[in-house]
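Visitor: Sequence and computational prediction follow.
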Amino acid sequence: LQNLAHRLGYRGWTLDYYVGRRFIAIFLAHISLFSLLYAIIDALAKIDEFVAHSDGPLGVVALIASYYFYTLPEIFCRILGPVTTMASGMFCITMIQRSNEIVPVLASGISLRRLTFPIVLGASFISLASFAVQEIWIPSQRQAIQDAKAYNPEDDIRHPVYIDSRTDIIAIPRKYHPHQQLAEGMLVQGPLFLLNVRSAQWIPDEEEWLLSGVEYQAFDEDGYVKPQRVKEAGEEDGNNTKDNDAPEFLLSRPIETVRLNEFLAEVDPGLRLIMKPHDLEDDSGTDVYSTLAELREKMETVPALSYTHLTLPTKA
């Protein structure tokens with residue numbers, strides 16, 4: 001690489017290598033010490049929780065190792081990476097100054113900007129690495145990170161809310177289990193329909209919600225319930241046999257299982273709800289697990305502050 005740089009007419013390799021090597025060494029020392037210090041302090045603060053959710057000393061060690069294996073990359077992107085990069089750059093310049101090396105550099109005709117170029121370049125590579133971790137690794141390990149941070153698999157979230165401002169659809173589960181990606185007792189309210197769902201299970205391969213125990217109600221433009229025709233007892237495909245005691249219409253239509261967006265397409269062609277499992281989790285922390293594309297999609301669907309613009313039935 002040095003020979004190639006010289007052939008291209010670049011003559012500052014020795015100085016850049018010297019400053020860059022020092023900066024990288026200081027950064028690695030800083031990030032290691034800061035990470036170790038954070039892990040020790042945080043582990044001491046949470047030691048009771050670690051002990052309560054593990055079996056024996058080896059279980060505690062395994063739980064702590066798993067927790068910080070998935071937590072430290074997140075902390076690196078949010079706090080440790082920027083802080084240690086800035087501190088390493090300042091410390092590198094301070095060491096050069098204390099070694100009385102700046103005066104010879106300036107005397108040789110090299111400016112301070114040129115002297116700090118390797119530090120800026122190294123900080124840029126660290127920023128790119130941080131971006132790659134945030135955009136690629138963390139979203140791909142979202143479920144593992146949440147499993148590591150939530151010690152008890154039985155933990156659930158009460159009454160999360162998801163709102164799609166483009167379609168005026170609101171979804172409110174009574175309880176959501178992040179580990180199982182399962183919502184219980186969910187209401188899906190649209191401008192002209194209401195779904196009362198017993199459970200909704202996320203299917204990762206299809207990126208779709210499988211609804212079970214669904215009751216569907218439809219409303220007209222005035223907000224009145226539109227009775228739904230159901231298959232009468234004894235009625236079969238191609239057969240006109242009927243049971244006169246069975247009602248022909250009900251206020252709600254029961255459905256055993258159905259996929260959410262498939263059913264919405266039947267209600268209104270082109271209607272689609274973009275709701276992912278992380279949308280039903282705590283909004284205070286799940287955005288850090290999302291890619292830029294997911295954040296852009298969420299920005300387009302979630303309204304700013306008010307829910308009053310939703311068109312809800314009032315006369316049902």
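Guide: Right, received. Where do you want to start? Computed from a predicted structure; not experimentally measured.

Visitor: Could you check how far Arg21 is from Trp13?
Guide: Applying CB to CB, to the nearest Å, the value for Arg21 to Trp13 is 12 Å. Yep, even glycine has a C-beta here, placed from its N, CA and C like the rest.

Visitor: before we move on, what about Arg198?
Guide: The value you get for Arg198 to Trp13, if CB to CB is used, is 68 Å.

Visitor: and if you look at Phe50?
Guide: The span separating Phe50 from Trp13 equals 49 Å under the rule CB to CB.

Visitor: These two: who's more crowded?
Guide: Under the neighbour definition other CB atoms under 10 Å, Phe50 and Trp13 were set side by side, and Phe50 has more, 17 against 14.

Visitor: Surely the more buried one touches Ile64?
Guide: Yes. The pair Phe50 and Ile64 passes the contact test of CB atoms under 8 Å, sitting 5.7 Å apart.

Visitor: Show me the common contact partners of the two, please.
Guide: Shared between the contact lists of Phe50 and Ile64 (criterion: CB atoms under 8 Å, 6 or more residues apart in numbering) are residues Ala43.

Visitor: and Leu15, what is it in contact with?
Guide: With CB under 8 Å, 6+ apart, Leu15 has these contacts: Val105, Ile110, Leu115, Pro118.

Visitor: Please pick the buried ones from those residues.
Guide: In terms of neighbour count (16 or more other CB atoms under 10 Å), the buried residues within the contacts of Leu15 are Val105, Leu115, Pro118.

Visitor: how about Val214, secondary structure?
Guide: Recorded secondary structure, Val214: strand (DSSP: H, G, I helix; E, B strand; the rest coil).

Visitor: Looks like it contacts Ser252 (just checking).
Guide: No. Under the criterion of CB under 8 Å, Val214 is not in contact with Ser252, lying 9.4 Å apart.

Visitor: With neighbour numbers in mind, choose between these two.
Guide: Each of Val214 and Ser252 has its neighbours counted (other CB under 10 Å); Val214 has more, 22 against 17.

Visitor: In the sheet, which residues pair with the more buried one? Tell me.
Guide: Val197, Ile255 (DSSP bridges).

Visitor: Point out the least confident member of the contacts of Leu15, please.
Guide: By predicted confidence (pLDDT), the lowest-ranked of the contacts of Leu15 is Ile110, with 84.

Visitor: gap between that residue and Asp16?
Guide: According to CB to CB, Ile110 and Asp16 sit 11 Å apart.

Visitor: just the helices in the stretch 201-316 of the chain please.
Guide: Secondary structure of the stretch 201-316 of the chain (DSSP state H, counting those that start in this stretch): helices located at 260-267, 283-286, 292-301.

Visitor: How about Trp83, nearest residue that isn't a chain neighbour?
Guide: Just to correct that, residue 83 is Val rather than Trp. If you skip the residues right next to it in sequence, Val83 has Phe34 as its closest partner in space, 7.3 Å away by CB to CB, 6 or more residues apart in numbering.

Visitor: these two touch, right, Glu294 and Pro139?
Guide: Yes. With contact taken as CB under 8 Å, Glu294 and Pro139 are classed as touching, separated by 7.3 Å.
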